[in-house]
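Undergrad: give the three-dimensional model of this entry:
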Amino acid sequence: MPTPPSPTDAPHWAALLRGWRDHPGPLHTRLHTHLQHAIERGELTPGQRLPAARTLAALLGVSRATTVTALDDLTASGHLTRHVGRGTHVAPTAPRAQPLLTLRTPVGAAHPSEIDLTIAVPVLTDQQRARLRDAAAHAHYDSPYHPHGLPDLRDLIAQQYTHAGLPTTPDQILITSGAQQAIALTAHTLLRRGDTALLETPTYFGAIDVIRAAGAHLTGTPVTAQHLDPHHFAHQTRTHHPRLAFLTPTHHNPTGTTLPHPARHHLAAHLHDTGLPTLEDDTLLDLPFTDTPPPPRLSTLAPHAPILNVGSLSKLYWAGLRIGWLRLPPTLAPTLKQAKTLTDFGSSQPAQHLALHLLADLPTLISERRAAITPARDHLAHLLRTHLPDWTFTTPPGGQFLWIQLPTPTASAYTHHAHRHGLRLYPGASMGVTPLPDQYLRIPFTLHPDHIPEAVNRLARAWAEFTSRGSGRLA
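TA: Numbering: from 1, shown residues only. Sure thing, here's the model as predicted:
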């Protein structure tokens, strides 16, 4: 297992303590229950140090007396040990479970009264629902197993890659149950415990979780307000010798940046020269807000490099349609195909038939999603600039998110405070592979348009209350 996070790693503790108020009873009992469950599940392991009571109180927006009482009760029950000068630790004799990762990925359904800003889920229109119903009429055929995917679907996706300038055969396409399975298959197939993986920082939290779960050591290459620096990426590969890289060069999640042509050519040449297996995340590639086509994929610029392209319909059409795919380089195809076969003998065939029907008219899907998401992006950006003018962000040219910098060093604490206002938020620092300043939020603009004003109203009310208490303002 990775080294336990330090007691000062606010994003980690924000993730581990997510939902602590949902337990019954007084606040100190709720916190006691949540921490006890974390110990008994194995998220907190024997000997691991907890934050100080004052630090926990600041993170959770409660009094120090509340956290002291919770920690004292856990000490009395044998779950913790507390010593002056040495801090608070999980007791060696506490109930022990198999170590369990604290996931960065938000899990669990939001309460109907909450507005969930932790994930981006495209809103289906009535027209799109009707298209799904039409497609479903052709989705129930008896057929043998297709472990690598429905042949017609693989053929169509291969044609689309080829049309985009990346010659591809159907044999190079592997259908998966969403992009997340594609990332997981790659990580668990190509990595061994103790290997190093190189990711952008910040990056997609699902990739962080999956690669950590594979037992890899993660190192990062920064994505700034402009883009990834290919020279720094090359330096990291020479220094750390990674066995896998994960990159989102187009409409990056979460910053929204797109790697420009010169930097992209430099990066592609480096991948070709080093032979570093690289996952290129294309899941947001079809979400531009202008008619200007994005730069070519890295795999297009380096066709002989071991680059695996990840695609999905979840962001473009509907998250409930769990169909994704990998475009495989020939050298890695046999290994990944075998891994997929051993996993499930193939993804859902009705879902693949739906995907086949939808992808047959890919330009329409792109046009409809752009028509829905562009005004939502602009409306959200306008309301944030009006009601929260001290929050700073750049309106992205594509993707699904605003990457927002808050004038506070304790954005993780604000996310817990906002939960009391019916908002589920995700601290941006949790998307860091290496430590990021705790000043960021990732907010999607995929909400139903009718919900955007209320979301901003709640954000503003929570922020006003948070700052009125002197919580975390920068000097």
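
Undergrad: only C-alpha atoms for contact and neighbour calcs from this point on.
TA: OK.

Undergrad: what's near enough to touch the closest residue in space to Thr335 that isn't next to it in sequence?
TA: Using Cα to Cα, 6 or more residues apart in numbering and skipping the chain neighbours, the partner closest in space to Thr335 is Thr189 (7.4 Å). When contacts are counted by Cα atoms under 8 Å, 6 or more residues apart in numbering, Thr189 touches Thr335, Leu336, Ala339.

Undergrad: give the other helices and strands that the helix or strand hosting the last one contacts.
TA: Here Ala339 is covered by helix 333-344, with elements defined by DSSP states H and E. Identification of packing neighbours for helix 333-344 by 3 or more Cα pairs under 8 Å, 6 or more residues apart in numbering; DSSP states H and E yields helix 178-190.

Undergrad: in the longest helix along the chain, which residues are buried?
TA: Secondary structure assigned by DSSP state H gives helix 362-387 as the longest helix of the chain. By 16 or more other Cα atoms under 10 Å, the buried positions in helix 362-387 come out as 365-366, 369-370, 372-374, 376-377, 380-381, 383-384.

Undergrad: next structured bit after it?
TA: With DSSP H and E, the next secondary element past helix 362-387 is strand 401-405.

Undergrad: measure how that following strand sits relative to helix 362-387, angle-wise.
TA: What separates the directions of strand 401-405 and helix 362-387 is an angle of 30 degrees, with axes from the mean of the first three to the mean of the last three Cα atoms, to 10 degrees.

Undergrad: if we can go back for a sec, tell me what the longest helix of the chain is packed against?
TA: Counting by 3+ Cα pairs under 8 Å, 6+ apart, helix 362-387 packs on helix 452-468.

Undergrad: pull the CA atoms of the helix it packs on into PDB?
TA: Provided in PDB are the C-alpha atoms of helix 452-468 (Å, rounded to 0.1, in the frame of the first residue of the first chain):
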ATOM      1  CA  ILE A 452     -27.500  27.000 -12.400                       C
ATOM      2  CA  PRO A 453     -28.900  30.200 -10.700                       C
ATOM      3  CA  GLU A 454     -29.700  28.300  -7.500                       C
ATOM      4  CA  ALA A 455     -26.300  26.600  -7.500                       C
ATOM      5  CA  VAL A 456     -24.500  30.000  -7.700                       C
ATOM      6  CA  ASN A 457     -26.800  31.400  -5.000                       C
ATOM      7  CA  ARG A 458     -25.800  28.600  -2.600                       C
ATOM      8  CA  LEU A 459     -22.200  29.000  -3.500                       C
ATOM      9  CA  ALA A 460     -22.300  32.700  -2.700                       C
ATOM     10  CA  ARG A 461     -24.200  32.200   0.500                       C
ATOM     11  CA  ALA A 462     -21.800  29.600   1.700                       C
ATOM     12  CA  TRP A 463     -18.800  31.700   0.700                       C
ATOM     13  CA  ALA A 464     -20.200  34.800   2.500                       C
ATOM     14  CA  GLU A 465     -20.700  32.800   5.700                       C
ATOM     15  CA  PHE A 466     -17.400  31.100   5.400                       C
ATOM     16  CA  THR A 467     -15.400  34.300   5.000                       C
ATOM     17  CA  SER A 468     -17.500  36.200   7.600                       C
END
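
Undergrad: quick check: angle from it to helix 362-387?
TA: Using the same axes, to 10 degrees: helix 452-468 against helix 362-387 is 40 degrees.

Undergrad: gap between helix 452-468 and the chain center?
TA: Its chain's C-alpha centre and that of helix 452-468 lie 24 Å apart, by Cα atoms, centre = their mean, to the nearest Å.

Undergrad: please point out which parts of it sit buried.
TA: Those would be Ile452, Ala455, Val456, Asn457, Arg458, Leu459, Ala460, Ala462, Trp463, Phe466, for helix 452-468 by 16+ other Cα under 10 Å.

Undergrad: which SSE is immediately downstream of the helix-or-strand element of the chain with minimal mean pLDDT?
TA: In the chain, the helix or strand scored least confidently by mean pLDDT, DSSP states H and E is helix 126-136, which has a mean of 85. Moving toward the C-terminus from helix 126-136, the next helix or strand (DSSP H and E) is helix 151-163.

Undergrad: domains in this protein, by residue range?
TA: 10-90, 115-125+369-468, 134-363 (automatic domain parsing).

Undergrad: buried stuff in the least confident helix or strand of the chain?
TA: For helix 126-136, burial by neighbour count (16+ other Cα under 10 Å) applies to Gln128, Leu132, Ala135, Ala136.

Undergrad: could you report the neighbour count for Gly320?
TA: 12 (other Cα atoms under 10 Å).

Undergrad: list the contacts for it?
TA: So, once contact is read as Cα under 8 Å, 6+ apart, Gly320 ends up touching Ser314.

Undergrad: same question, Thr434
TA: Thr201, Thr219, Gly220.

Undergrad: ranking by neighbours, what's the top pick from those residues?
TA: Ranking these using other Cα under 10 Å puts Thr201 first, with 26 neighbours.

Undergrad: tell me which element Thr219 falls in.
TA: Counting by DSSP H and E, Thr219 is found in strand 217-222.

Undergrad: residues making contact with the helix or strand just after that strand?
TA: Counting by DSSP H and E, the element after strand 217-222 in chain order, helix or strand, is helix 230-240. For helix 230-240, contacts defined as Cα under 8 Å, 6+ apart pick out Thr196, Leu198, Gly220, Thr221, Ala263, Arg264, His266, Leu267, His270.

Undergrad: buried ones in helix 230-240?
TA: Buried-residue list, helix 230-240, by 16+ other Cα under 10 Å: Pro230, Phe233, Ala234, Gln236, Thr237.

Undergrad: nearest to Gly178 among those?
TA: Phe233 (27.6 Å; Cα to Cα).

Undergrad: looking at the closest one now. What's its pLDDT?
TA: Phe233 carries a pLDDT value of 97.

Undergrad: kindly report the same for Ala137.
TA: On the pLDDT scale, Ala137 gets 79.

Undergrad: try the one 3 residues further on
TA: Here the pLDDT value assigned to His140 is 74.

Undergrad: can you check Leu316 too?
TA: Looking at Leu316, its pLDDT stands at 89.

Undergrad: same deal with Thr3?
TA: 64.

Undergrad: in TSV: the domains of the chain, plus distance to Leu101.
TA: Below are the domains of the chain laid out as TSV (distance: least, Cα to Cα, whole Å):
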stretch	distance to Leu101
domain 10-90	6
domain 115-125+369-468	14
domain 134-363	7
